[in-house]
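Asker: Build the 3D model from these lines:
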Amino acid sequence: SPQEHGLDFQRLLDASTYKERFRQDMIRWGEEKRHADPGFFCRAAVEGALQPVWVVSDTRRLSDVEWFRAAYGDVVQTVRVVATEETRKRRNWVFVTGVDDAESECGLDQGVAFDWVITNDGDEVALSEQLEMLVQSLHRSL
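Answerer: As a prediction, this is how the structure comes out:
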């Protein structure tokens, strides 16, 4: 964890070169934790959650999706946010071999039938419309 390794947590949250310097180490640490206990991060994400609807963002692996579905059943709604490679490059994303092709980055590219796929290519109106449909669906299921 950042605390265990004396890292600046806030700087790890942005897209800085600081984060990139430690990214592979963070992935390795996460893999070790997940290998020892596949539900480690899933349980941490929901610890203390009492709201009727909550969002677990940045789920990255099939085992995570399977854990949530096993723990919470049909109330789980999976949402994938996609953007074209061109859009991602405009947002300063650069592919890094060994990182961006690792399971932590593409583990959900196959094997998951997402309940929702939201396209975020910079069209704010289209994004708002998609999110509104998702929110309305969640309201109906309460």
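
Asker: Every contact and neighbour count from this point should use C-alpha atoms.
Answerer: Noted.

Asker: what ranges do the helices span in this structure?
Answerer: 2-5, 9-12, 17-36, 40-46, 62-72, 85-90, 103-106, 124-141 (DSSP state H).

Asker: Out of those, flag the one nearest A113.
Answerer: Of all the helices of the chain, helix 62-72 sits nearest to A113, with 10.4 Å by Cα to Cα.

Asker: By mean pLDDT, show me the worst of the helices of the chain.
Answerer: Ranked by mean pLDDT, these bottom out at helix 2-5, which scores a mean of 50.

Asker: hang on, the earlier thing: output the helices of the chain as JSON lines; include the columns mean neighbour count.
Answerer: Shown next, in JSON lines, are these (neighbours: other Cα atoms under 10 Å):
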{"stretch": "helix 2-5", "mean neighbour count": "8"}
{"stretch": "helix 9-12", "mean neighbour count": "13"}
{"stretch": "helix 17-36", "mean neighbour count": "14"}
{"stretch": "helix 40-46", "mean neighbour count": "14"}
{"stretch": "helix 62-72", "mean neighbour count": "15"}
{"stretch": "helix 85-90", "mean neighbour count": "13"}
{"stretch": "helix 103-106", "mean neighbour count": "16"}
{"stretch": "helix 124-141", "mean neighbour count": "12"}
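
Asker: Please produce JSON lines containing the ones you listed, extended by distance to T78.
Answerer: JSON lines is the format used below for the helices of the chain (distance: least, Cα to Cα, whole Å):
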{"stretch": "helix 2-5", "distance to T78": "28"}
{"stretch": "helix 9-12", "distance to T78": "26"}
{"stretch": "helix 17-36", "distance to T78": "21"}
{"stretch": "helix 40-46", "distance to T78": "14"}
{"stretch": "helix 62-72", "distance to T78": "8"}
{"stretch": "helix 85-90", "distance to T78": "22"}
{"stretch": "helix 103-106", "distance to T78": "16"}
{"stretch": "helix 124-141", "distance to T78": "11"}
